[in-house]
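Q: let me see the structure of the following:
(chains A and B)
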Amino acid sequence: MNTLIERLNADDMLSRHGAYYTTQIAIVSGDDTTCFDIKEGKISRLDSESPDGGFSLIGSRDAWDRYCADVPPPEFNELGAMLGTGHVTVKGEMSVMQSNFMFVRRLVELWREDRIEVQRGHNK
Amino acid sequence: MAGGPNRSPAGAQQMKAIVDKVIGRYVQLELNEDTVRIYYEESGEGTPLLCLHTAGADGRQYREVIRNESVTSRFRVIVPDMPWHGKSSPPTGWQDREYELSTDSYLQYILAFMQALDLDSPLVMGCSIGGRVVLHLALQHAERISGIIGLQSGLDAGADDYHPKTYSHFHRHDVHAGYSAAGWMAALIAPQSPDDHRWETLWHYASGGPGVFKGDLHYYGLDGDLRNQALNIDTRKCPVYLLSGEYDWSAPASGAEEIAQRIPGAYFKKMEAMGHFPMSENPEKFLEYLLPVLEDYCSRKN
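A: Numbering: from 1, shown residues only, chains lettered A, B, ... in the order given. Sure thing, here's the model as predicted:
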């Protein structure tokens, strides 16, 4: 998790898009929740499963697994694709997500890369 | 001198400039009571190939089609920016109105543009909203064109609950609409598409005028719905070609396939590893699908 947080805070795109962004975001994959606290772009882990004033991205473990495939299949290739096709839903403040969707999609993209690396590590 | 012999006195590396044969022009159109200044690019000689861009974008999407010699050796490729889009101006008084595209206004603009340039029976290719409007063209004005190529065509946008608020994030004061559009359109691009073309495609979305993308979606989601219309197109007189990318969930390939099944003689091909913006997100691969279509069109015409 610390590696993920370091990766997120080191990312140029997130830094640029998050400079004025303060919220909390949870990624819910089946029974697992990863929650982030964002304060003007600075990202830290949040020991909570329910973001305060932010939003949760909720999908089944199978849906997120498909998103994390080396080459994701159609409807699972991006956060927006999963939202648009209903494989992931939003609970909470939709307007907060929409207000900075470039940040949100990038954060989830980096979460994906980290998850793939962790998975590969487990498989070695 | 700093930079050595291969550098200019200013320090910039000397490069060989590549100048395209593409030229850009403006034409003034009278649309209802509005005069609009339309920007278009063209290249090549032969049958006019009129290329229509997607919602919220502009003609730069066809940047590789218009400079491909396999195309321009046989076709006069013409790529306009719709009114309000790209380098085409909105009408005078834009600040006092809300832009909203309708089937009638879309067709009126295309027909006026064809007339202004004296285009004789063009082959018309359009993507997304353009892929829908080519069907409207073939249904209502088949005598003015010689065929259509629908990219990412669909009879509807699957938005039965269409409401302006559905797309409010593309046009509200507290959201950067350009980034919002780019972020969402990223989801319609195939993962296999090259990064440089992916991000150029998204730049077009990031740089659209305020409210324009949302205004286009009025046509895409509501006014241009074709589900309840008979698709009476005589493909012997007006060939219909439909190409759809497999990663497009907005206008899925299954929708275009259904259209082809309802139009006798229509051609359909699913484009593997392609999304909603084939000519822009992966031009090289798109041309592999387009060139056989153009070949078939030419052989039919001859």
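
Q: what's near enough to touch the closest residue to A:Arg115 other than its chain neighbours?
A: Ranked by CB to CB, 6 or more residues apart in numbering or on different chains and with sequence neighbours excluded, the top spatial neighbour of A:Arg115 is A:Cys68, at 5.2 Å. Where C-beta positions appear, they are placed from N, C-alpha and C, glycine not excepted. By CB atoms under 8 Å, 6 or more residues apart in numbering or on different chains, the residues touching A:Cys68 are A:Arg112, A:Arg115, A:Ile116, A:Gln119.

Q: and the gap between B:Lys285 and B:Ala116?
A: 34 Å (CB to CB, to the nearest Å).

Q: neighbour count: the two, which is higher?
A: The neighbour comparison of B:Lys285 against B:Ala116 (other CB atoms under 10 Å in any protein chain shown) goes to B:Lys285, with 20 against 15.

Q: count the neighbours of the closest residue to the more buried one other than its chain neighbours for me.
A: With CB to CB, 6+ apart as the criterion, B:Lys285 has its nearest non-adjacent residue at 6.5 Å, and that residue is B:Met274. Counted with other CB under 10 Å, the neighbours of B:Met274 add up to 27.

Q: what does the stretch 51-200 of chain B have sitting close to chain A?
A: B:169, B:174-176, B:179-180, B:182-184, B:186-192 (CB under 8 Å from any CB of the partner chain).

Q: does the residue in chain A positioned nearest to chain B belong to a helix, a strand or coil?
A: As assessed by CB to the nearest CB, chain B sits closest to A:Gly80 within chain A, at 2.7 Å. Of the three states, A:Gly80 takes helix under DSSP: H, G, I helix; E, B strand; the rest coil.

Q: from A:Trp64, how far out is it?
A: Applying CB to CB to A:Gly80 and A:Trp64 gives a distance of 15 Å.

Q: below-threshold pLDDT in chain A: ranges please.
A: Residue ranges of chain A with pLDDT under 70: A:1-2, A:124.

Q: try chain B
A: Ranges of chain B meeting pLDDT under 70: B:1-13, B:159-165.

Q: check it and tell me which residue is nearest its centre.
A: Centroid-nearest residue in chain B: B:His53, 1.6 Å away (criterion: CA atoms, centre = their mean).

Q: find the nearest non-adjacent residue to A:Asn77, please.
A: Counting by CB to CB, 6+ apart, the residue nearest A:Asn77 is B:Pro191, at 4.8 Å.

Q: which stretch of helix or strand covers the one you found?
A: Counting by DSSP states H and E, there is no helix or strand that carries B:Pro191.

Q: now the residue most central in space within chain A: closest residue in space that isn't a chain neighbour?
A: Taking CA atoms, centre = their mean as the criterion, A:Val108 is the residue nearest the geometric centre of chain A, at 3.0 Å. Spatial nearest neighbour of A:Val108, excluding adjacent residues (CB to CB, 6+ apart): A:Leu79 at 4.6 Å.

Q: isn't the one you found right up against A:Trp111?
A: No - between A:Leu79 and A:Trp111 there is no contact under CB atoms under 8 Å: 9.7 Å.

Q: which one's more surrounded, these two?
A: A:Leu79 (27 against 23).

Q: tell me how many other residues surround B:Ala266.
A: Residues near B:Ala266, counting by other CB under 10 Å: 21.

Q: got the residues of chain A near chain B?
A: Counting by CB under 8 Å from any CB, chain A sits next to chain B at A:17, A:71-72, A:74-75, A:77-81, A:83-85, A:95, A:98-102, A:104-105.

Q: of the residues you listed, which belong to helices?
A: A:17, A:79-81, A:83-84, A:95, A:98-99, A:101-102, A:104-105 (DSSP state H).

Q: chain A: helices as residue ranges?
A: A:2-9, A:12-18, A:61-67, A:79-84, A:94-99, A:101-123.

Q: got the contact list for the closest residue to chain A within the stretch 101-250 of chain B?
A: For the stretch 101-250 of chain B and chain A, the shortest gap (CB to the nearest CB) falls at B:Ala187, measuring 2.7 Å. Contacts of B:Ala187 were listed using CB under 8 Å, 6+ apart, and they are A:Asn77, A:Glu78, A:Leu79, A:Gly80, A:Ala81, A:Leu83, A:Gly84, A:Arg105, B:Trp249.

Q: any chance of JSON lines for these, columns distance to B:Tyr40?
A: Listed next are the contacts of B:Ala187 as JSON lines, based on distance: CB to CB, whole Å:
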{"residue": "A:Asn77", "distance to B:Tyr40": "33"}
{"residue": "A:Glu78", "distance to B:Tyr40": "32"}
{"residue": "A:Leu79", "distance to B:Tyr40": "36"}
{"residue": "A:Gly80", "distance to B:Tyr40": "31"}
{"residue": "A:Ala81", "distance to B:Tyr40": "33"}
{"residue": "A:Leu83", "distance to B:Tyr40": "36"}
{"residue": "A:Gly84", "distance to B:Tyr40": "32"}
{"residue": "A:Arg105", "distance to B:Tyr40": "33"}
{"residue": "B:Trp249", "distance to B:Tyr40": "31"}
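
Q: tell me the two of those that are most distant?
A: A:Arg105 and B:Trp249 (15.1 Å; CB to CB).

Q: follow-up on the earlier one: can you convert the contacts of A:Cys68 into TSV and add a column each for neighbour count?
A: Below are the contacts of A:Cys68 laid out as TSV (neighbours: other CB atoms under 10 Å in any protein chain shown):
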residue	neighbour count
A:Arg112	18
A:Arg115	18
A:Ile116	13
A:Gln119	11
